[in-house]
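Undergrad: Fold the stuff below for me.
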Amino acid sequence: MSETVTALRDLVRTFPSALLGYSGGVDSAYLAVVLRQELGPHRMVAVIGRSASYPQAQWAAARAVAERFDVPLIEIATRELEDPNYLANSPNRCFFCKTELWSRLVPEARARGLVVVCDGTNADDLREHRPGYAAGRRAGVRSPLAEVGMTKAEIRAASRALGLPTWDAPAAPCLSSRVAYGLAITPRRLEQVERAEAYLRELGVAGDVRVRHHGDRARIEVEPEWIPWLRERLGAVTRRLGDLGFAVVEVDPRGYRRGSLILERAGGS
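TA: Next up is the predicted model:
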């Protein structure tokens, strides 16, 4: 057992009880299982915040992990799509999303008598553009993975050791992260992105896949080894995404890049 895994379990055992904001991604899935193992089923609960920005496929995967590892799970509707600040889609959009999320989850924890509210932020996240992290800190949310210095690579390794199916899952941020900054977030645009990415998965594309929404233009980012494969099928892909409302479909020659929309906003490449 690695030092960070030991440190995490030692930390979690100090929690009288806990509520976890749970998306079912690599980080929160691992933390959910550790919390369940260390605190038992009566002193913790994982909570999914449901809205149009949360992909259906992610929801199904999150529920499957919770069921398999006997993690107590509840779902709460969040209403970030009713917040004009969120809909405006500025680079700090995530701050407003997380503010809404924690405004629902913190009272839920209090109502259930759960002492610690936490999320799946890891040590690597602290070096990135994460406006949602500030909202969590303001709400008193803790980040056990980050607190013990656990990186994404360590979480993947520890997840694999526990038999978690998420150990090699691609990153899965919310659907709004695909919409170009300044372009308003709408349920239709989120649905376009979700259906476009689901289609690419159905074709067989694996690894990280993003359909970046630029209004009537879709820019597809895939891992470099998939670029030639996708270009060979661009005609069919263009027709399918055209049916979804995209007039122009491009394959980004640079491949998938984390945070490419914020890089563009900052004038990077």
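
Undergrad: List the contacts of stretch 94-104.
TA: Stretch 94-104 has contacts (CB atoms under 8 Å, 6 or more residues apart in numbering) with 21, 49, 53, 76-80, 83, 85-86, 117, 130-136, 138-139, 141, 174, 176. Any C-beta I mention is one placed from the backbone N, CA and C, and that applies to glycine too.

Undergrad: hmm, which of those residues are the buried ones?
TA: 21, 49, 53, 78, 80, 83, 86, 117, 130-133, 135-136, 139, 141, 174, 176 (16 or more other CB atoms under 10 Å).

Undergrad: Could you tell me which of these belong to helices?
TA: 86, 131-133, 135-136 (DSSP state H).

Undergrad: so how far is Gly25 from the residue positioned nearest the centre of the chain?
TA: Centroid-nearest residue in the chain: Pro173, 3.1 Å away (criterion: CA atoms, centre = their mean). Counting by CB to CB, to the nearest Å, the gap from Pro173 to Gly25 is 8 Å.

Undergrad: What of Arg130?
TA: With CB to CB as the criterion, Arg130 and Gly25 are 14 Å apart.

Undergrad: so where do the helices sit in the protein?
TA: So, for the chain - with DSSP H - the helices run 3-12, 26-39, 56-68, 84-87, 93-112, 131-138, 144-147, 152-162, 187-203, 227-232, 234-243, 260-265.

Undergrad: and Arg210, what does it touch?
TA: Counting by CB under 8 Å, 6+ apart, Arg210 has contacts 178, 197, 220-222, 256, 260.

Undergrad: Swap in 7 Å and give it another go.
TA: 178, 221, 256 (CB atoms under 7 Å, 6 or more residues apart in numbering).

Undergrad: distance of the first one from Ile185?
TA: Spelled out, that is Arg178. Taken as CB to CB, the span from Arg178 to Ile185 is 10 Å.

Undergrad: do the same with the second one
TA: Using CB to CB, one gets 19 Å for the distance from Glu221 to Ile185.

Undergrad: now do the last one
TA: The spacing between Tyr256 and Ile185, counted by CB to CB, is 22 Å.

Undergrad: out of those two, which sits in the busier spot?
TA: Ile185 (23 against 19; other CB atoms under 10 Å).

Undergrad: Is it correct that the more buried one is in contact with Val179?
TA: Yes. Using CB atoms under 7 Å, Ile185 is in contact with Val179, at 5.8 Å.

Undergrad: overlap in contacts of these two?
TA: Asn89.

Undergrad: Burial check on Phe96, number of neighbours?
TA: So Phe96, with other CB under 10 Å, has 21 neighbours.

Undergrad: actually Arg50, not the one I wrote
TA: By other CB under 10 Å, the residues close to Arg50 number 12.

Undergrad: What's opposite it in the beta bridge?
TA: Ala77 (DSSP bridges).

Undergrad: measure it to Thr166 for me?
TA: From Arg50 to Thr166 the distance is 19 Å (CB to CB).

Undergrad: Gly49 now?
TA: 18 Å.

Undergrad: What residues does Arg13 make contact with?
TA: Arg13 neighbours (CB under 7 Å, 6+ apart): Glu38.

Undergrad: Give me the number of neighbouring residues for Thr6.
TA: 11.

Undergrad: wait, what's in contact with Pro253?
TA: Here Pro253 is in contact with Ile227 (CB under 7 Å, 6+ apart).

Undergrad: Show the pLDDT at it.
TA: We have a pLDDT of 95 for Pro253.

Undergrad: Low-confidence stretches in the chain?
TA: 259-269 (pLDDT under 70).

Undergrad: rerun that using 50 as the cut-off
TA: Filtered on pLDDT under 50, the chain yields the residue ranges 268-269.

Undergrad: Give me the neighbour count for the nearest residue to Gly25 once chain neighbours are set aside.
TA: Spatial nearest neighbour of Gly25, chain neighbours left out: Ala172 (4.8 Å); criterion: CB to CB, 6 or more residues apart in numbering. Each residue near Ala172 was counted by other CB under 10 Å, and the total is 19.
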